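Participant: need coordinates for the following:
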Amino acid sequence: MTRNPLLRIAAAASAALLLTAAVPPAALAEPAATVRSTLPPMNPDSLAGAIAGLPDDQATGALVQVRGSAGAWSGVSGTSDLSTGAPVPANAHFRIGSITKTFTAVVVLQLAAERRIDLDAPVQRYLPGLLPASYPEITIAQLLNHTSGLPGVDLPGDPQWIVDHRYTVFTPQQVLATAFRHEPVFAPGAQQQYTNTNYLVAGLLIEKITHRSYGEEVRDRILRPLGLRDTSVPGNNPNLPAPYSHGYQVVNGQLVDLTRMNQSIPWAAGEMISTADDLDKFLIALFRGRLVPDPVLQRMFTVPDVKIHGSADPAIYSQGLMTSTVNGVTVWGKTGSRYGYTNGIWATRDLQRRVVYSINTTDKGFEGQPEIVQKIALAIGGL
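Facilitator: Residues are numbered from 1 along each chain as shown. The predicted structure is shown next:
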């Protein structure tokens, strides 16, 4: 355990704020011809202010990258290591958490495009015996857009349990068993409730259909074709490739370094590692149809007409993505978090504006997005 050193190095780390405003690298393949942007303008000063002053009591570091024909900006703030005060690397690797779900969804949708699975067929057809016999039929599409009604994973959520089991290896079946001891939350297709359970099942579906690991399918179908050399499916390897920012979690009033941690619990729902540049390339390829062909791709930009379970709010998740409209700007993307990392990828459908961020938050137990993320969204003009 590491005693909380935030106050000791806050002043020094704030001086590590790095700002750049530049044309995106050629490798990002911006369109040769672009139309005049109608998006709200970015505010570089507000962006710098949104991530300034780190570390604080919510986060130790931040990395933000904005790209697209509507303008480019990037910045880092805070420290990558509380013991040394080293700055956050602009090319840092980080645990992307539930952004992994978008990669998993792409593989499933590719299998559908290849007519190896039927998205409207029940999961039970392809994975007999996995779901309890008392469960109703649930389609693959309902897994991907979180309308399955499957209960959530039921493992202890207290930080000390996480610390004690950071190197424990779980199988997907073991994790799913904690969910399947509960009854379904609602009838399939009736509502929407976000849960890792759906994508753990989707990962097993990929393996059943392809007879290969889901990680191999992600590598061969997405990472290698797109040249995403800094993106990986770590499996049971607890390490992060360098460079990286350490991830910390408050445990019993102290900050514990959880950078090294096995990710077998989230698996196909949240285990992957990437960088801002790689995730931006992934967004470009995905939105332009390089990974999933039409009309299957349209499923990723179609939200079911149902309500979020337990509220009157409309659904926000499609098959692999989520959407938000702020100040008249509609964006698509995905958020994701692991212990020490809170991330997001967002873009307008025409890719005029794309945002990738990774914040080293110190408490995964927060409700909603931390304040720093809200400040970033406002500074970008509503994204």
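
Participant: pretty sure residue 92 is touching residue 356, no?
Facilitator: No. Counting by Cβ atoms under 8 Å, residue 92 stays clear of residue 356, with 11.4 Å between them. All C-beta atoms are positioned from the backbone trio N, CA, C, and that covers glycine.

Participant: the more surrounded of the two?
Facilitator: residue 356 (28 against 22; other Cβ atoms under 10 Å).

Participant: show me what contacts the more buried one?
Facilitator: 64-65, 276, 279-280, 283, 343-345 (Cβ atoms under 8 Å, 6 or more residues apart in numbering).

Participant: restricted to strands, list these.
Facilitator: Among those, the subset assigned to strands under DSSP state E consists of 64-65, 343-345.

Participant: tell me the one of those residues nearest residue 75?
Facilitator: Here the nearest of those to residue 75, counting by Cβ to Cβ, is residue 64; it sits at 5.4 Å.

Participant: got any residues that touch both of residue 92 and residue 356?
Facilitator: Listed as contacting both residue 92 and residue 356 by Cβ under 8 Å, 6+ apart are residue 276.

Participant: re earlier: from the ones in strands among the contacts of residue 356, pick the one nearest residue 310.
Facilitator: Out of the ones in strands among the contacts of residue 356, the member with the shortest distance to residue 310 (by Cβ to Cβ) is residue 344, at 23.5 Å.

Participant: how about the residue positioned nearest the centre of the chain: what's its closest non-neighbour residue?
Facilitator: The centroid of the chain falls nearest to residue 99 when counting by Cα atoms, centre = their mean (2.2 Å). Spatial nearest neighbour of residue 99, chain neighbours left out: residue 336 (3.9 Å); criterion: Cβ to Cβ, 6 or more residues apart in numbering.

Participant: who's that neighbour bridged to?
Facilitator: Taking DSSP bridges as the rule, residue 336 bridges to residue 343.

Participant: right, and it touches residue 344 too?
Facilitator: Yes. Taking Cβ under 8 Å as the definition, residue 336 is a contact partner of residue 344 at 7.4 Å.

Participant: more crowded one of the two?
Facilitator: Between residue 336 and residue 344, counted using other Cβ under 10 Å, the more crowded position is residue 344 (27 against 24).

Participant: so the more buried one touches residue 332, yeah?
Facilitator: No. In this structure, residue 344 is not within contact of residue 332 by Cβ under 8 Å, at 11.5 Å.

Participant: assumed residue 268 was part of a helix.
Facilitator: Yes. When the secondary structure is assigned by DSSP: H, G, I helix; E, B strand; the rest coil, residue 268 falls within a helix.

Participant: which ones are touching it?
Facilitator: Contacts for residue 268 (Cβ under 8 Å, 6+ apart) come out as 100-101, 104, 172, 199-200, 202-204, 206, 214.

Participant: before we move on, what about residue 363?
Facilitator: 58, 249-250 are the contacts of residue 363 under Cβ under 8 Å, 6+ apart.

Participant: and for residue 360?
Facilitator: Applying Cβ under 8 Å, 6+ apart, we find residue 360 in contact with 59-62, 78, 88, 245-248, 340-342.

Participant: for residue 137, which non-adjacent residue is closest in space?
Facilitator: Leaving aside its sequence neighbours, residue 137 sits nearest to residue 122 (Cβ to Cβ, 6+ apart; 3.9 Å).

Participant: now do the helices in the stretch 51-200 of the chain.
Facilitator: With DSSP state H, counting those that start in this stretch as the definition, the stretch 51-200 of the chain shows helices at residue ranges 100-113, 123-126, 140-144, 159-164, 172-180, 196-210.

Participant: looking at the ones you listed, spot the one closest to residue 151.
Facilitator: helix 172-180 (4.9 Å).

Participant: what angle separates the closest one from helix 196-210?
Facilitator: 140 degrees (axes from the mean of the first three to the mean of the last three Cα atoms, to 10 degrees).

Participant: remind me what helix 172-180 packs against, helices and strands.
Facilitator: helix 196-210 (3 or more Cβ pairs under 8 Å, 6 or more residues apart in numbering; DSSP states H and E).

Participant: the residue lying closest to residue 290 once chain neighbours are set aside: neighbour count?
Facilitator: Once flanking residues are discounted, residue 290 sits nearest to residue 226: 7.6 Å by Cβ to Cβ, 6+ apart. For residue 226, the number of neighbouring residues by other Cβ under 10 Å comes to 17.

Participant: residue 226: what's it in contact with?
Facilitator: Contacts of residue 226 (Cβ under 8 Å, 6+ apart): 281-282, 285, 290-291.

Participant: mind doing that once more with 10 Å?
Facilitator: Applying Cβ atoms under 10 Å, 6 or more residues apart in numbering, we find residue 226 in contact with 278, 281-282, 284-286, 290-291.

Participant: give me the buried entries from these.
Facilitator: Among those, those buried by neighbour count (16 or more other Cβ atoms under 10 Å) are 278, 281-282, 284-286, 291.

Participant: which of the residues you listed fall in helices?
Facilitator: Residues of the buried ones among the contacts of residue 226 located in helices (DSSP state H): 278, 281-282, 284-286.

Participant: between these, which is nearest residue 194?
Facilitator: residue 286 (19.9 Å).

Participant: distance of the residue nearest to the centre of the chain relative to residue 57?
Facilitator: 25 Å (Cβ to Cβ, to the nearest Å).

Participant: now swap in residue 218 and tell me
Facilitator: Taken as Cβ to Cβ, the span from residue 218 to residue 57 is 36 Å.

Participant: same drill for those two, tell me which one is more crowded.
Facilitator: Neighbours were counted for residue 218 and for residue 57 using other Cβ under 10 Å; residue 218 has more, 24 against 11.

Participant: so is that one in a helix, a strand, or just coil?
Facilitator: helix.

Participant: show me the contacts for it.
Facilitator: 100, 103-104, 106-107, 203, 206, 224, 228, 231-233, 268, 272.
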